[in-house]
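>>> When you get a sec, could you give me coordinates for this:
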Amino acid sequence: MVLGTRGSDLARTQAAMVERALRAAWPEVEIGVEIIRTRGDEKSGASFQLAASPKDQVGNLGYEKLGQGRKGMFTAEIERALLDRRIDVAVHSAKDLPSEMTPGLELGAALARAAMEDVLITKAGGDLAALPEGATVATGSVRRQHQLRRVRADLKVVDLRGNVPTRLRKLLANEWSGIVLARAGLERLGFDCGSGELEFEGQALCVAVLSMADFLPAGGQGIVALQIRAEDAEARRFLAAINHAETLRCLRAEREFLRLLEGDCGTPVGVIADLRAGVLTMRAQLFEETGDPRSATAQGEEPEAVARELWESING
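Coordinates of the predicted model:
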């Protein structure tokens with residue numbers, strides 16, 4: 001069985017997590033990993049324009065449309081390798097996947113969800129409220145940009161690209177007060193966000209976990225998603241042994257909400273599903289150009305039905 005993933009430190013770490021889980025469940029199966037360079041990796045140091053609408057980005061447009069838009073730029077080449085049978089399982093950060101599944105592919109499994117919060121990394125310490133008036137904070141997420149300005153309208157919010165180490169280096173090299181990153185990615189790379197500080201390349205940095213009341217995360221944040229060919233029953237059987245069923249149900253709900261919303265990287269939306277005692281509770285936060293975001297909640301048992309109720313509520 002061949003796993004396919006991007007070449008960043010985080011992507012390799014996540015692929016190694018999958019490999020270890022599969023080896024434990026299926027010790028007789030030989031497992032390999034293929035590193036695949038994506039267009040997003042090639043453009044990781046620069047800004048690039050999103051398509052005019054989410055449907056123009058990737059959408060349900062077939063094999064030849066893979067890779068249009070920012071989200072597809074981090075997954076398209078891996079999906080192409082899967083469709084071409086060069087790999088058997090694509091390992092993704094779930095929030096990178098377009099909300100419309102590429103024809104011929106499906107989600108085969110998900111690992112247990114890691115921490116969902118965003119974190120503020122600073123050089124001087126303190127939380128968001130402690131930043132000086134007019135401070136500069138960098139993030140590559142449109143959602144986080146809106147959330148930052150809602151909490152601190154005085155902040156100067158600038159764009160940020162690159163993998164996790166590159167983003168940390170940019171913080172050290174610039175006169176920025178802080179950057180915002182996903183907690184899960186940092187912790188998978190070995191940084192302890194709960195301690196309030198981390199060391200990177202000999203430099204001490206401070207970490208503040210941001211409240212999900214203000215910083216509702218992106219759909220799929222903290223989840224490693226495993227994608228397979230829809231007709232590959234053998235891969236589906238292997239992945240069933242390592243699938244975290246509760247996480248996959250939550251991911252299905254979040255992805256369906258984004259699909260209905262036609263939302264991807266260019267949409268300033270946070271959405272999270274939580275499963276307890278068989279009941280899914282979903283929350284969403286959708287930002288407009290100005291003013292407070294639209295917010296909604298929904299509950300139920302079937303992921304797609306709860307997602308549709310949430311979508312109808314937030315659009316009502």
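
>>> Now do the strands in the stretch 151-300 of the chain.
Taking DSSP state E, counting those that start in this stretch as the test, the strands found in the stretch 151-300 of the chain are 156-158, 178-182, 197-200, 203-209, 224-229, 269-276, 279-286, 294-300.

>>> need those in TSV with mean pLDDT and distance to Gly126, can you?
From N, CA and C alone the C-beta is placed, and that goes for glycine too. Formatted as TSV, the strands of the stretch 151-300 of the chain follow (pLDDT from 0 to 100; distance: least, Cβ to Cβ, whole Å):
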stretch	mean pLDDT	distance to Gly126
strand 156-158	97	17
strand 178-182	97	9
strand 197-200	94	12
strand 203-209	96	7
strand 224-229	98	32
strand 269-276	96	24
strand 279-286	97	25
strand 294-300	96	27
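
>>> closest to Thr5 out of those?
Closest to Thr5 of the strands of the stretch 151-300 of the chain, according to Cβ to Cβ: strand 224-229, at 9.8 Å.

>>> Report the buried residues of that closest one.
224-229 (16 or more other Cβ atoms under 10 Å).

>>> Within its sheet, name the partner strands of that strand and how each one runs.
The strands beside strand 224-229 in its sheet (DSSP bridges) come out as strand 89-93 (antiparallel), strand 105-110 (antiparallel).

>>> In contact with the spatially most central residue of the chain, which residues?
By Cα atoms, centre = their mean, the chain has its centre lying nearest to Lys95, at 2.7 Å. Under the criterion of Cβ atoms under 8 Å, 6 or more residues apart in numbering, the neighbours of Lys95 are 218-221, 223.

>>> List the contacts of the spatially closest residue to it that is not a sequence neighbour.
Once flanking residues are discounted, Lys95 sits nearest to Gly220: 3.9 Å by Cβ to Cβ, 6 or more residues apart in numbering. Shown in contact with Gly220 (Cβ under 8 Å, 6+ apart): 93-97, 251, 254-255.

>>> The residue nearest to the centre of the chain belongs to a helix?
Yes. Membership of Lys95 in a helix is supported by DSSP: H, G, I helix; E, B strand; the rest coil.

>>> Does Glu304 lie in a helix or a strand, and which?
Per DSSP states H and E: Glu304 is located in helix 303-315.

>>> and that helix, what other elements does it pack with?
Packing partners of helix 303-315 (3 or more Cβ pairs under 8 Å, 6 or more residues apart in numbering; DSSP states H and E): helix 245-261, strand 269-276, strand 279-286, strand 294-300.

>>> Rebuild those as a markdown table, extending it with distance to Ala204 and mean neighbour count.
Below are the helices and strands packed on helix 303-315 laid out as a markdown table (distance: least, Cβ to Cβ, whole Å; neighbours: other Cβ atoms under 10 Å):
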| stretch | distance to Ala204 | mean neighbour count |
| --- | --- | --- |
| helix 245-261 | 34 | 23 |
| strand 269-276 | 30 | 21 |
| strand 279-286 | 33 | 21 |
| strand 294-300 | 37 | 16 |
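
>>> can these go into TSV with extra columns for distance to Phe238?
Below are these laid out as TSV (distance: least, Cβ to Cβ, whole Å):
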stretch	distance to Phe238
helix 245-261	15
strand 269-276	24
strand 279-286	27
strand 294-300	31
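
>>> To Thr166, which of those lies closest?
Among those, the nearest to Thr166 by Cβ to Cβ is strand 269-276 (24.2 Å).

>>> how big is the angle separating the closest one from helix 245-261?
150 degrees (axes from the mean of the first three to the mean of the last three Cα atoms, to 10 degrees).

>>> List the strands paired with strand 269-276, with their directions.
Paired strands of strand 269-276, with direction, are strand 279-286 (antiparallel) (DSSP bridges).

>>> So what touches the partner strand?
147, 216, 249-250, 253-254, 257, 261, 267-275, 293-303, 306-307, 310, 314.

>>> Okay, now the unreliable bits of the stretch 1-150 of the chain?
Residues of the stretch 1-150 of the chain that meet the criterion pLDDT under 70 lie in 40-71.

>>> tell me the contacts of the residue lying closest to Asp192 once chain neighbours are set aside?
Leaving out its chain neighbours, the residue that sits closest to Asp192 by Cβ to Cβ, 6+ apart is Leu198, at 6.7 Å. By Cβ under 8 Å, 6+ apart, Leu198 lies in contact with 121, 186, 191-192, 204-205, 207.

>>> residue contacts, Val209?
Residues in contact with Val209 (Cβ under 8 Å, 6+ apart) are 117, 119, 183, 193-194.

>>> which of those count as buried?
Among those, those classed as buried by neighbour count (16+ other Cβ under 10 Å) are 117, 119, 183, 193.

>>> Just the ones in helices from the residues you listed, please.
Among these, the ones falling in helices (DSSP state H) are Arg183.
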